[in-house]
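Undergrad: Attaching a predicted model along with its sequence, questions to come.
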There are 2 protein chains.
Amino acid sequence: MLSIRPAQPSDKDTLWRILEPVIRAGETYTLPRDMDREEALSYWMAPDRLCFVAEDQERVVGTYVLRANQTGGGAHVANCGYMTASDATGRGVARTMCEHSLEIARQAGFLAMQFNFVISSNDRAVRLWRHLGFEIVGRLPNAFQHPKQGYVDAFVMFRSLQADEG
Amino acid sequence: MLSIRPAQPSDKDTLWRILEPVIRAGETYTLPRDMDREEALSYWMAPDRLCFVAEDQERVVGTYVLRANQTGGGAHVANCGYMTASDATGRGVARTMCEHSLEIARQAGFLAMQFNFVISSNDRAVRLWRHLGFEIVGRLPNAFQHPKQGYVDAFVMFRSLQADEG
C-alpha cells in the first residue's frame, strides 16, 4: 500500500537515487544526461513546484512534481512529472502518483492538466496516461533524440479536471 | 527597411516600452499581467536565450528571443517569442523577425522550431506563422484565459528547419 507525502529536504539523497538513473538513461525526460546531483535536485525541487514522494512501507519508491504549466492567462492548467524508482516499476507506483496529482491539482483549483513532452517510445507511460483520462492533443515530429532509437515523436497530452467532463 | 541585431543591456528601457503593453494587455502571452519591469526583463533577457531587436532607422520596433525549447534529447528544437512595438504593428515587423529567427536557428544547428502556446484568438499571429511554414500540431482546449474572450484554445505550432522539408 503506497502512501504519498510532500518531499522534505531530508529526502534529497533518496530523490537523487531515483532521479539519477532516469536522467542518465535519457530515454524519458528532456534533461541533460550528464546533469549532476545539485542541478537535478534544484530542477526537481524548484520553488515553483510542489514535490511529493511515494512510500511503500517507509521506502521511497517514486516522486512527482506539480506546478502551473504557464503563468498569467495559462495558470489554470497544471503540469506534472513523475519518476519511479528503477527497482519499483510495474507495481502501479506511477498510476498511484498520477491519481494523487490529479486530486491535488483539482484541490488547488487547476482546471486541467497538461503533459508537454511525453516521448512516443515510452509506451508504458502513454498507455497509462490515456487510461487515466489524458488525450493526445499534439504530436511533435522527431522532437526527441532517443539515445537508442534516434529521433522519435513526442506527444502533448491533456485532460480536463472538471467533474462534468470526467 | 528593418535591421536586426542582438539586444544590448542599454536596450532595456526600449525593450520595456515594447514588453509592458503586451504584458498588461495579457492577450497574447501567458505572463502575469502585473509583472514589473525587472521581472519582465529578467524573463525576456534570461541567460538561456538569445535576445534580438528589430530597428527601423535606429528606432527599435520589435524584439524576439530564441532558445532551445528543451534540454537533453529535446535540445535540437528551437523556441522563439516575438513582440512588436504597439505603434509599429501591421508593417511586417513580426514577419521579418520570424524569418530572421528561422535563419539564426538553422545556423545554430537547430533542426526544428516549436511554438508552445499560440493563443487561438491571436488570428494575425496564427496566420503569419502558418504562412511562414508552421503547422498546428496540437490544440490545447481552453488552455488560455483571455481577459476579454474568456477561455480560448491555444495551439502548439511546429516547423522543420531542414532544407529538404522546406
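TA: Yep, it's here.

Undergrad: From now on I want contacts and neighbour counts done on CA atoms only, so please keep to that.
TA: Fine.

Undergrad: which ones are touching A:D153?
TA: A:I119, A:S120, A:S121, A:R139, A:L140, A:P141, A:N142, A:A143, A:F144 (CA atoms under 8 Å, 6 or more residues apart in numbering or on different chains).

Undergrad: What residues does chain A have near chain B?
TA: Counting by CA under 8 Å from any CA of the partner chain, chain A comes close to chain B at A:26-27, A:29-33, A:70-77, A:112, A:137-140, A:143-147, A:156, A:158.

Undergrad: Give me the subset of those that lies in strands.
TA: In strands, defined here by DSSP state E, the members of the residues of chain A next to chain B are A:V77, A:A112, A:V137, A:G138, A:R139, A:L140, A:A143, A:F144, A:Q145, A:H146, A:V156, A:F158.

Undergrad: wait, which of those residues is closest to chain B?
TA: A:G138 (3.6 Å; CA to the nearest CA).

Undergrad: OK, contacts around the closest one?
TA: Each residue near A:G138 by CA under 8 Å, 6+ apart is listed here: A:F155, A:V156, A:M157, B:V137, B:G138, B:R139, B:V156.

Undergrad: Just send the residues you listed back as JSON lines, with pLDDT too.
TA: Shown next, in JSON lines, are the contacts of A:G138 (pLDDT from 0 to 100):
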{"residue": "A:F155", "pLDDT": "98"}
{"residue": "A:V156", "pLDDT": "98"}
{"residue": "A:M157", "pLDDT": "98"}
{"residue": "B:V137", "pLDDT": "98"}
{"residue": "B:G138", "pLDDT": "98"}
{"residue": "B:R139", "pLDDT": "98"}
{"residue": "B:V156", "pLDDT": "98"}
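
Undergrad: With respect to B:G92, which of those residues is nearest?
TA: B:G92 has its nearest neighbour among the contacts of A:G138 in B:V156, at 22.4 Å by CA to CA.

Undergrad: possible to save the contacts of A:D153 as TSV with neighbour count?
TA: Putting the contacts of A:D153 into TSV (neighbours: other CA atoms under 10 Å in any protein chain shown) gives the following:
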residue	neighbour count
A:I119	25
A:S120	21
A:S121	17
A:R139	23
A:L140	26
A:P141	17
A:N142	20
A:A143	28
A:F144	30
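
Undergrad: If we only consider these, which is nearest to A:A94?
TA: Within the contacts of A:D153, the smallest distance to A:A94 is 15.7 Å, found for A:I119 (CA to CA).

Undergrad: Where does the closest residue to that closest one other than its chain neighbours sit, in terms of helix or strand?
TA: Of all residues not flanking A:I119 in the chain, A:A154 sits nearest, at 4.3 Å (CA to CA, 6 or more residues apart in numbering or on different chains). Under the criterion of DSSP states H and E, A:A154 resides in strand A:150-160.
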